[in-house]
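Peer 1: mind looking at a prediction? Sequence and model below.
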Amino acid sequence: MTYTYFPGCTLRTKAKDLDHYLRISAEKLGMELIEPADWQCCGGAYSNAKDEIANKLSSVRIIMDADKNTGKVLTVCSACHNVLKRVNDDLKNDENFAFKVNNYMKPEVPYSGNVEVIHFLEALRDEVGFDKLASMVVKPFTGKKIAAYYGCLLLRPGKVMAMDDPENPVIMENFIKAIGGTPVIYARRNECCGGYAVMEDPAIAAKRSGAIIENAKDMGADLMVTACPLCMYNLKKTGPDTGIYYFTELLAEALGLKED
């Protein structure tokens, strides 16, 4: 299993653990990751502007690199995944956008539309398989009640992201079962943490993140996991004493790879 791996800029700075534990786990699971040279930030947020392509070209370059090489772009940051998946959808389904991009980029062969953008969780579910993953676990989280926090970018818009049911997802809960933990179902697991509102009004993010943490605790969670660096920032800032981890860290620990 070979992938074009796009880590994104946050995984180089504030979210190094998300990247590090993915890489060592992927190697253990037989996944080869090829990081494109000279990649740029995906933009961090998808632009809905239809008359502009410049702010999407960094994502286009990653997708076109995969088109020439592996055929699959692997992501793990929820924001990067959202941007790349939606830009790829534009390339496949918006003829005007695709025409402008191909005219600007001038690739030897116009983009074929065959590239898949997949999240690491999808690769674990669909290509490794949660059953196989479970068979490789050496340090299961037996007895631990773990609350998955999806946030909003991982699942929406549902028709484009197509990872799971945006209202009643199960992919992270099934991951938790595979590593031996007990998933906690709680009402706010796919609500927004406050997102980028923290830049302008931190009180909004604190209120929303606090409600999420309290909801998970009320349902008996011992710890929480997420895939989003911004969600991690807001949740930890609001509840610094709450056990909140990237799911890749728990994966590495379950596989016996995490350093003491």
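Peer 2: Perfect, thanks for sending it.
Peer 1: rest of the way, CA atoms for contacts and neighbours
Peer 2: Fine.
Peer 1: which parts of the stretch 1-150 of the chain are strands?
Peer 2: Taking DSSP state E, counting those that start in this stretch as the test, the strands found in the stretch 1-150 of the chain are 2-5, 32-34, 72-75, 116-119, 145-148.
Peer 1: dump the ones you listed to CSV, plus mean neighbour count.
Peer 2: Listed next are the strands of the stretch 1-150 of the chain as CSV, based on neighbours: other Cα atoms under 10 Å:
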stretch, mean neighbour count
strand 2-5, 20
strand 32-34, 16
strand 72-75, 25
strand 116-119, 22
strand 145-148, 27
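Peer 1: turn the ones you listed into TSV, including mean pLDDT and distance to Glu259.
Peer 2: Formatted as TSV, the strands of the stretch 1-150 of the chain follow (pLDDT from 0 to 100; distance: least, Cα to Cα, whole Å):
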stretch	mean pLDDT	distance to Glu259
strand 2-5	98	23
strand 32-34	98	21
strand 72-75	98	23
strand 116-119	98	25
strand 145-148	98	21
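Peer 1: what residue spans form the domains of this structure?
Peer 2: 2-121, 131-254 (automatic domain parsing).
Peer 1: tell me how many other residues crowd the nearest residue to Met219 once chain neighbours are set aside.
Peer 2: For Met219, ignoring the flanking residues on the chain, the nearest one in space by Cα to Cα, 6 or more residues apart in numbering is Tyr186 at 6.4 Å. Residues lying near Tyr186 (other Cα atoms under 10 Å) number 18.
Peer 1: again, but for the one 4 residues further on
Peer 2: As a burial measure, Asn190 scores 21 neighbours (other Cα under 10 Å).
Peer 1: quick one, grab the pLDDT at it.
Peer 2: Asn190 carries a pLDDT value of 95.
Peer 1: Glu52 now?
Peer 2: For Glu52, the pLDDT comes out at 83.
Peer 1: that one: how many residues sit nearby?
Peer 2: Glu52 has 12 neighbours, counted by other Cα under 10 Å.
Peer 1: begin at 491, not 1, for the rest of this chat.
Peer 2: New numbering, starting at 491: the last item is Glu542.
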